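Engineer: sequence plus the predicted model coming up.
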Amino acid sequence: MSAFFDEVKRRKVYRVAAAYIIAAGGAIQLASASFPAWELPNWALRLVIVLLLLGFPIALILAWAYDITAQGIRATPSVATPKAHRRRNIIMLVATGVVISAAAGFFLFENRSDEKENAYFADGIQDDVLTNLSKIGDLKVISRTSVMPYRDKASSAREIGKALGVSTILEGSVRRIGNRVRVNVQLINADTDEHMWAEDYDRDLTDVFAIQTDLAQKIARELQAKLSPTEKAQIERKPTENSEAYLAFMQGHEMFYRPDKFRSNAEKAEQLFEKATKLDPNFADAFAGLAWVEDWMYHTFDPTAARKEKARAAANEAIRLRPDLPEAHLALGFYHYYCERNYQAALNEFAIAKRSLPNSAEVYMAVGSIERRQGKWDESTANFERATALSPKDAFLLENLADNYRANKNFEEADKLYDRAIEAAPNSLGALAGKGKLAVELKGDFAEIEKQLAQVPPGVDPDGQVTSVRVWLLMLQRKFPEALAVLTELPQGVFYDSTAPVPKASLQGMLYLFEGDKAKAQAAFRRALPVAEQSLRESPDDAGRHIQLGFILTGLNRKQEALAEGQRAVELKPESADALDGPQVAAALAQIYAWVGEKDQALRLVDRLLETPNGITVPMLKLDPMWDPLRNDPRFQALIDKYAKI
């Protein structure tokens, strides 16, 4: 071995190796800095790294074989060594070069495998800059959610400006390398496609907030927007000194703002916001983000006392830390709305937030969400329209606006909005399912929903949502054995349908009931009963859980108990207090009435709900086997005939 190293030294391979490593490192640093500015794809940098790594063993072989002398490049003179030793030395040289290249490659790619983290960082910078600009009342600012679809598209500034309804485009790149941040931005006139202003920043990571503030102020000045003292103070505020907390906050923000707010995404966002608050206990924005996530989780799938307390505590802490933080008031407003159902207190908080967030789509969405529960459908739709104007490519907002039109039986307009949502987020399951379900509700058409389901990749089934839609579709088509087979393939025992976990056995019981197999139905309902009872104990004031238990008790022929659960659900969520979900709860009570033989009460409810916003549609009356107990009653057919003409 010593002979090998002596030969390496004699042939000056060390010098070449050191020079190559220094030159290659410089080349990689140069490429890392310049490629993003040139907007070259990530694979271009990887290609440079791979070529440099492959070149290292080759450089060692050339250094072994040749030497640079005053007379030029000459073959390195050999010394008298056995042929076997020469072969061994060359093999060791090549092996050493390959090992070093492999180790360096692993380190480099491992080091750069945080591109996802860099993406979070870049998204966070973009979001914070836009948030700062949105606080300026003289500007109309489109949210990051709506500009994201244009990131990887070769669209001109004119095309983007026309699609988003803006006259100016801010574009640029963000690159984080260690503790350095490189930001390149330019302001473009969307009407002429001409550059108005550009700026480059190369700062320490700790200066990132100064960059954001400087950008917002310079852009406002360039666009001749007036900046009030309050707006200036909001823009100059530094949210945290802790870069790790800031990164966790941005990751949580990205996770929560995905178009489909699945349970798994919300839980990950919760963890990230909690991490941010632990890293910096004074990070008010992180507490506001955490409160909003807790509010949403309570509202959609976990209406428990523990969740409500977490939401309250996080919102109050955000307010305590920064009483003037608009996002904190927004989060507190959602607490009052989702957790307390105190609409006026929520609207008061949203009004405070709106003063500092004049361009916030979330504020208009929040107000519109409350107004439709108050039965103020026109006002609600107007606020959702304002929200989508500020964020025209936000699939979640578009779906909510579509829900307003669907609830008021303007199916054609709702269908257009679902198309816009799908265009904005082609992989959004909510948008795909919404469009498919609308076709069923509008005209009993299964082709559209089957088409949309065919686009979902195999194995994609977050929270069992895809399976539940497939079962629903097969049920409406009266393919009960196929629906049971789909359920059997699902390993999990519970579906999450809004706030009420649906035991798989409960669905199986209903399908057996539709088939007429009462013995199997009752066996399934008995399996589902303790699950539903436990769920209700965890959240006794949740209407959805009372309805779920009511259906199970109906299947077990426990009439009075079933009716009590259905009636309790309506008491907890009456239409007078919730014009959005209330009619659906009343429809569920009507189905319980039908199955326990109380046809008169069932038909009275159906008659009213057929003309109530977000009530029942005629195609669903015709298709849904839940209405089968009424199907042979002449009054039922008379209702179908009456409302089919409307």
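Structural biologist: Cool, the structure landed.

Engineer: separation between the residue most central in space within the chain and Gly493?
Structural biologist: Centroid-nearest residue in the chain: Arg258, 1.3 Å away (criterion: Cα atoms, centre = their mean). Noted for Arg258: a distance of 26 Å to Gly493, by Cβ to Cβ, to the nearest Å. Quick note: C-beta positions are derived from backbone N, CA and C, even for glycine.

Engineer: equivalent analysis for Gln374, please.
Structural biologist: The spacing between Gln374 and Gly493, counted by Cβ to Cβ, is 37 Å.

Engineer: and Glu379, how many neighbours?
Structural biologist: Residues lying near Glu379 (other Cβ atoms under 10 Å) number 15.

Engineer: neighbouring contacts of the strand or helix carrying it?
Structural biologist: Using DSSP states H and E, Glu379 sits in helix 377-390. For helix 377-390, contacts defined as Cβ atoms under 8 Å, 6 or more residues apart in numbering pick out 140-143, 165, 359-362, 364-365, 367-372, 394, 397-398, 400-401, 404-405, 407-408, 579, 613.

Engineer: swap the cut-off to 6 Å and go again
Structural biologist: By Cβ atoms under 6 Å, 6 or more residues apart in numbering, the list of residues contacting helix 377-390 from outside reads 359, 361, 364-365, 367-368, 371-372, 397, 401, 404, 408.

Engineer: pull the number of nearby residues for Lys622.
Structural biologist: 14.

Engineer: just the element for the nearest residue to Ile319 once chain neighbours are set aside, please.
Structural biologist: Spatial nearest neighbour of Ile319, chain neighbours left out: Ala328 (4.9 Å); criterion: Cβ to Cβ, 6 or more residues apart in numbering. Using DSSP H and E, the element containing Ala328 is helix 326-334.

Engineer: after that helix, which helix or strand is next?
Structural biologist: helix 343-356.

Engineer: may I have the phi/psi pair for Val494?
Structural biologist: phi -140, psi 140 (degrees, to the nearest 10).

Engineer: pLDDT value on the nearest residue to it once chain neighbours are set aside, please?
Structural biologist: Among residues not flanking Val494 along the chain, Pro501 sits closest, at 4.6 Å (Cβ to Cβ, 6+ apart). What the model reports as pLDDT for Pro501 is 88.

Engineer: what ranges does the stretch 351-500 of the chain have for its strands?
Structural biologist: 494-497, 500-503 (DSSP state E, counting those that start in this stretch).

Engineer: and among those strands, the most buried is which?
Structural biologist: strand 500-503 (a mean of 22; mean count of other Cβ atoms under 10 Å).

Engineer: can you name the next helix or strand after it?
Structural biologist: With secondary structure assigned by DSSP H and E, strand 500-503 is succeeded by helix 504-515.

Engineer: who are the packing partners of that next one?
Structural biologist: helix 480-489, helix 518-538, helix 543-555 (3 or more Cβ pairs under 6 Å, 6 or more residues apart in numbering; DSSP states H and E).

Engineer: quick one: low-confidence parts of the stretch 201-350 of the chain?
Structural biologist: 205-206 (pLDDT under 70).

Engineer: what's around Gln455, how many residues?
Structural biologist: 11.

Engineer: measure it to Gly436 for me?
Structural biologist: 10 Å.

Engineer: next, the buried residues of stretch 180-194.
Structural biologist: Residues 181-185, 187-188, 190 are the ones in stretch 180-194 that count as buried (16 or more other Cβ atoms under 10 Å).
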